[in-house]
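**Q** coords below, sequence missing:
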């Protein structure tokens, strides 16, 4: 069941995200037990993405409340999810909490990879929050129970461009692992001190992978920088999933530059960047449109005309479920961290049921044209998604082309000054 749904969800995620970058997968020790220690800016999406876009099955911990229904509990466990019980829930769950650790010990003994969110709760922020020490109890506990030497803890930084929005980008960066065997003797002699030392070491490693300025007062400036980075990278629509580290390296570089500025330098740069984006807004154009203003849009226009009908068919056929899922995701979850997962979950379930029904009808009717339509519709739906991007890009560039040459040159010069300042300082 895990592999069947991983295949389907992997396909579905290419609808949900514009770009998925998995960086550093070569750092994961092969055929060894690995605990992936990650930040948690969304609910469910991080392990879903990583589980689908690397070859080895991934176990991960999920809040126990989602396992309350027997059928749901069976299904989630079949998808390699382990119910996690927090110590704060009270003494009555201590036995269940030990069962959770035993399940993790057994999985690691079998050389599984387990993803744990050591911030304990999900919160849609770019920066890293303090880590809990459960990943160390999990690792050292496995070594004690099974007398095995090598258990690795590995930092995983989840960086979402817009964590609550579909068709955004995500970069998951996997860092260099720590072998707990190197700290075994130290742990035996001074367990508490070793926990503190390794928790801080993991935080430092993870903090380099989770990209954000150190000071929260710099967050607004960094958001402006991200808007520029999007079009400095100009990632292609295909392939959706890649191991391209360009985005992660550039965002890390710019975040470090922002950190190095004085308050005066930060304020000066931010004011200039805000002036630039305000001028774009007053002229009803976007940064993308300005950057690509000299691009020849005639081929795009021809492609849009020729592709209108298949895009329309792909969109109209899937529109009712999409609209329901979008409304559900926007209105039902109380926390922003659950909005995109709710939208994705409802849409996936809806389309899954719809296609099962269509396949059953196909076997009953046994008409070649019906089967052709059933097999073609998912690809038409994806084409409709791409068509949306091409249309948006065409409109953005066309709007920029309406400006005078003098205005375009002025804005282009201001943009270059902003980027040069952040690159040279």
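**A** Happy to help now that I have it. Because the structure is a prediction, the values reported are computed rather than measured.

**Q** need the helix or strand of the chain with the lowest average pLDDT.
**A** Lowest on mean pLDDT, DSSP states H and E among the helices and strands of the chain sits helix 70-78, with a mean of 83.

**Q** tell me which residues of that helix are tucked away?
**A** residue 76 (16 or more other Cβ atoms under 10 Å). For every residue, glycine as well, the C-beta is placed using N, CA and C.

**Q** Same check on stretch 206-217?
**A** In stretch 206-217, the ones that count as buried by 16+ other Cβ under 10 Å are 206-207, 209-213.

**Q** quick one: residue 162 is in a strand?
**A** No: under the criterion used here (DSSP: H, G, I helix; E, B strand; the rest coil), residue 162 is coil, not part of a strand.

**Q** residues near it, how many?
**A** Residues near residue 162, counting by other Cβ atoms under 10 Å, number 13.

**Q** count of neighbours near the closest residue to it other than its chain neighbours?
**A** Once flanking residues are discounted, residue 162 sits nearest to residue 168: 4.0 Å by Cβ to Cβ, 6 or more residues apart in numbering. Using other Cβ under 10 Å, residue 168 has 16 other residues around it.

**Q** again with residue 320
**A** Residue 320 is flanked by 11 other residues according to other Cβ under 10 Å.

**Q** just the helices in the stretch 301-425 of the chain please.
**A** Assigned by DSSP state H, counting those that start in this stretch, the stretch 301-425 of the chain shows helices spanning 339-365, 368-401, 405-424.

**Q** any chance of the ones you listed in JSON lines, plus mean pLDDT and distance to residue 150?
**A** Formatted as JSON lines, those follow (pLDDT from 0 to 100; distance: least, Cβ to Cβ, whole Å):
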{"stretch": "helix 339-365", "mean pLDDT": "95", "distance to residue 150": "34"}
{"stretch": "helix 368-401", "mean pLDDT": "94", "distance to residue 150": "42"}
{"stretch": "helix 405-424", "mean pLDDT": "94", "distance to residue 150": "42"}
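
**Q** Can you say which of those helices is nearest to residue 20?
**A** Taking Cβ to Cβ, helix 339-365 is the member of these nearest to residue 20, at 13.3 Å.

**Q** one step back: dihedrals phi and psi, the residue nearest to residue 162?
**A** Residue 168 has phi and psi values of phi -100, psi -170 when expressed as degrees, to the nearest 10.

**Q** measure it to residue 23 for me?
**A** 17 Å (Cβ to Cβ, to the nearest Å).

**Q** With residue 418 instead?
**A** For residue 418, the distance to residue 23 equals 27 Å [Cβ to Cβ].

**Q** Repeat that for residue 160.
**A** Distance, residue 160 to residue 23, by Cβ to Cβ: 14 Å.

**Q** What is the neighbour count of residue 55?
**A** 5.

**Q** which non-adjacent residue is nearest the residue nearest the centre of the chain?
**A** By Cα atoms, centre = their mean, the chain has its centre lying nearest to residue 170, at 4.0 Å. Sequence neighbours aside, residue 160 is the residue nearest to residue 170 in space, at 5.0 Å (criterion: Cβ to Cβ, 6+ apart).

**Q** pretty sure residue 29 is in a strand, no?
**A** No: Residue 29: not assigned to a strand; according to three-state DSSP it is coil.

**Q** if I pick residue 108, what's in contact with it?
**A** Contact partners of residue 108, counting by Cβ atoms under 8 Å, 6 or more residues apart in numbering, are 33, 35, 114, 138-139, 142, 151.

**Q** That one is in what secondary structure piece?
**A** helix 94-109 (DSSP states H and E).

**Q** low pLDDT regions in the stretch 101-250 of the chain?
**A** Counting by pLDDT under 70, the stretch 101-250 of the chain has no low-confidence residues at all.

**Q** Next, give phi and psi for the closest residue to residue 64 other than its chain neighbours.
**A** Distances taken as Cβ to Cβ, 6+ apart put residue 83 closest to residue 64, at 4.0 Å, once the chain neighbours are dropped. For residue 83, the backbone dihedrals are phi -70, psi 130 (criterion: degrees, to the nearest 10).

**Q** Quick one: neighbours of residue 83, just the number.
**A** For residue 83, the count of nearby residues is 20 (other Cβ under 10 Å).

**Q** what's next to stretch 275-292, contact-wise?
**A** 224, 227-228, 230-231, 234, 393, 396-400, 403, 407-408, 411-412, 414-415, 418.

**Q** Validate this expectation: residue 124 resides in a helix.
**A** No: counting by three-state DSSP, residue 124 falls outside a helix, being coil.

**Q** contacting residues for it?
**A** Counting by Cβ under 8 Å, 6+ apart, residue 124 touches 41-42, 163-164, 336-337.

**Q** Same check on residue 20?
**A** 13-14, 49, 53, 169-170, 172, 240-242.

**Q** If any of the residues you listed are buried, put those into a ChimeraX selection.
**A** Of these, the buried ones go into a single ChimeraX selection, burial set by 16+ other Cβ under 10 Å:
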select :13,14,49,53,169,170,172,240,241,242
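
**Q** Narrow the contacts of residue 20 to those in strands?
**A** Of the contacts of residue 20, the ones assigned to strands by DSSP state E are 169-170, 172, 241-242.

**Q** picking up where we left off before, which residues does the residue nearest to the centre of the chain bridge with?
**A** Per DSSP bridges, the residues bridged to residue 170 are residue 20, residue 160.

**Q** Quick one: residues contacting it.
**A** Residues in contact with residue 170, defined by Cβ under 8 Å, 6+ apart, are 17, 19-21, 45, 49, 158-161.

**Q** And the helices in the stretch 1-150 of the chain, which stretches?
**A** 2-16, 45-52, 70-78, 94-109, 134-146.
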